[in-house]
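sequence and predicted structure below; questions after.
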Amino acid sequence: MTVGEGILTRPVMFLSSYTPLFIIFAIRFTGWPLRTVCIACAILGTTSLLLLLRRQKATSPSVFQLTAAEPAGGEALSYLTTYLLPFMTIGSPDARDIVAYIVILLVMFTISARTRAIQVNPLLFIFGFIVYSVHDKNGFTGYLIAHKQSIQAPRTISAHHVTNDILLIQTQSDFEPSTS
């Protein structure tokens, strides 16, 4: 386990990042059992992300002196290519189709959990968060999740660790110019 990371953090980040996909599946599938499962996954993904972010706000923040900050939007766009998957769905998939989708999701989880793709989460953008790629004076390199705020370096901020390379800004008032 890494700084600020619980055992469920990466699965929550993954599940919540595919919440829009589950909503698309619920719209496209014709059978109620599949629709119900997809709606349940969407609700679970949304709720778990909100609870994760709320839990992180309860932890002690750390101070970071940002030397670089850039929106991570380009990475989000490449991530969205995985959303082409629902357009290959069949309205009434059989058991083999469902197993194939589960295998694809497991492969995508494995890859995203071991790479930086886990941070790029469309649900964060939908909720009005902005994700930045940041570097700080002490060597931290990762992502910063900020709510509706523009981040420009140099800045000194207080942030909570979500994972060892994902930060959540403490408050909107933490946007002070760096004094060094």
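Arrived safely, thanks for sending.

and the residue nearest in space to the middle of the chain, how close does it get to residue 38?
In the chain, the residue lying closest to the centroid (CA atoms, centre = their mean) is residue 121, at 3.2 Å. For residue 121, the distance to residue 38 equals 18 Å [CB to CB, to the nearest Å]. Where C-beta positions appear, they are placed from N, C-alpha and C, glycine not excepted.

repeat for residue 136
Per CB to CB, residue 136 is found 39 Å from residue 38.

out of these two, which sits in the busier spot?
Shown here are residue 136 and residue 38; by other CB atoms under 10 Å, residue 136 has more neighbours (24 against 21).

for the more buried one, name its beta-bridge partners.
Residue 136 has the following beta-bridge partners by DSSP bridges: residue 66.

what residues are up against it?
Neighbouring residues of residue 136 by CB atoms under 8 Å, 6 or more residues apart in numbering: 64-67.

that one and residue 159, how far apart?
10 Å.

intersection of neighbour lists for the two?
Common neighbours of residue 136 and residue 159 (CB under 8 Å, 6+ apart) are residue 64.

before we move on, the earlier item: just put the contacts of residue 136 in TSV and tack on pLDDT, neighbour count and distance to residue 100.
Converted to TSV, the contacts of residue 136 look like this (pLDDT from 0 to 100; neighbours: other CB atoms under 10 Å; distance: CB to CB, whole Å):
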residue	pLDDT	neighbour count	distance to residue 100
64	91	22	43
65	92	17	48
66	93	22	43
67	93	16	45
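
closest to residue 153 out of the residues you listed?
Ranked by distance to residue 153 (CB to CB), the contacts of residue 136 are led by residue 66 at 4.4 Å.

unless I'm mixing things up, residue 163 is touching residue 8, no?
No. Taking contacts as CB atoms under 8 Å, residue 163 lies outside contact range of residue 8: 11.4 Å.
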